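Engineer: Structure of the sequence below:
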Amino acid sequence: MKKICFFLMAFVCLTATNSLAAQGDFGFGVKGGTLGIGGEIRSGIFEDLYMRAGYNVLVFDVEASSTFVDYKLDADFHNGAFLMDWHPFSGVFRVTFGFHFPNTNEFTVNGTPRVENFTSEYAVFAPVAEDVKVRGTVSFTQAAPYFGLGWSSNASQRGWGVAFDVGILMQGPPEVENLRVISSVYTQEELDQFQDEIRAINAFLENETAFIEDDLDSFQYYPVISLTVCYNF
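Structural biologist: Next comes the predicted model:
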């Protein structure tokens, strides 16, 4: 809720000087696409140049398996968008650029060890592997540049319309944070003592961190496709 209020206040400040907006220069829309569902408001700035501010929400999950761990990566995408639309020759097509901020797209890491693969240098983990889980989070840059192309049926006209956009969100490489081993059977003190004894847990987590970041690497250039139902005043 705080993030939604933030983007609304910012949009009001940026468009406060546009008191002489022409017909069709202000509007709102409801959208859906690869960033989930969301809403946006729109205001004309200059001739053929408009600003949009919106907010999107998307929840899904991704499954992946390394040699030693089966992962369920729960995505929780929330991002605000501050975009500028330029309509060449006052037409229906538009070129869009701007930022998604705050871009709080993240994954929650839920890993289950694959006990049957705990051999060689990780064989010492086998006795406790069934009773532990791997947890952590994956995040991206907070301010993500966006570039795209689009079409709007009522770019400068009053009334209902539809808009279609295709673009790319450049949110940077994924960063794994606080990857750790937890257990409902062993206390943290017992796990710490065990980890200190085998001196291999750090290398294990480093390898898993590299695997997760590599598996989610394609998300740093996130394709954005959306369809919007909009109304201009």
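
Engineer: center of the chain - which residue?
Structural biologist: For the chain, the residue lying nearest the average C-alpha position, counting by CA atoms, centre = their mean, turns out to be N105 (2.8 Å).

Engineer: So what's the residue count around the closest residue in space to it that isn't next to it in sequence?
Structural biologist: Excluding its sequence neighbours, the residue lying closest to N105 (CB to CB, 6 or more residues apart in numbering) is F77, at 4.3 Å. Glycine gets a C-beta too; all of them are placed from N, C-alpha and C. Residues lying near F77 (other CB atoms under 10 Å) number 21.

Engineer: pLDDT wise, what is F77 at?
Structural biologist: Per-residue pLDDT puts F77 at 98.

Engineer: Which parts of the helix or strand that A53 is a member of count as buried, going by neighbours?
Structural biologist: Counting by DSSP states H and E, the element that carries A53 is strand 49-65. By neighbour count with 16 or more other CB atoms under 10 Å, strand 49-65 contains the buried residues 50-56, 58, 64.

Engineer: mind listing what it pairs with, with the direction of each?
Structural biologist: strand 36-46 (antiparallel), strand 69-86 (antiparallel) (DSSP bridges).

Engineer: so can I have CSV of the ones you listed showing distance to N154?
Structural biologist: Formatted as CSV, those follow (distance: least, CB to CB, whole Å):
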stretch, distance to N154
strand 36-46, 11
strand 69-86, 13
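
Engineer: Identify whichever of those strands lies nearest to F233.
Structural biologist: Closest approach to F233 among those (CB to CB): strand 36-46, 9.9 Å.

Engineer: can you tell me the average pLDDT over that closest one?
Structural biologist: Across strand 36-46, the per-residue pLDDT values average to 94.

Engineer: again with stretch 58-74
Structural biologist: Here the average pLDDT along stretch 58-74 is 95.

Engineer: now the end-to-end length of that stretch.
Structural biologist: Length of stretch 58-74, first residue to last, CA to CA, to the nearest Å: 11 Å.

Engineer: Contacts for it, please.
Structural biologist: Contact partners of stretch 58-74, identified using CB atoms under 8 Å, 6 or more residues apart in numbering, comprise 34-37, 75-77, 107-114, 117-118, 122, 134, 138, 204, 207-208, 211-212, 215-216.

Engineer: Of those, which count as buried by neighbour count?
Structural biologist: With neighbours counted by 16+ other CB under 10 Å, the contacts of stretch 58-74 contain buried members at 35-36, 75, 77, 107, 109-111, 113, 118, 122, 134, 138, 204, 208, 211-212, 215-216.

Engineer: For W160, which three-state class applies?
Structural biologist: Assigned with DSSP: H, G, I helix; E, B strand; the rest coil, W160 falls in the strand class.

Engineer: what's downstream of the helix or strand bottoming out on mean pLDDT in the chain, the next helix or strand?
Structural biologist: Every helix and strand of the chain was ranked by mean pLDDT, DSSP states H and E. The lowest is helix 2-15, at a mean of 50. Downstream of helix 2-15, the first helix or strand assigned by DSSP H and E is strand 26-33.
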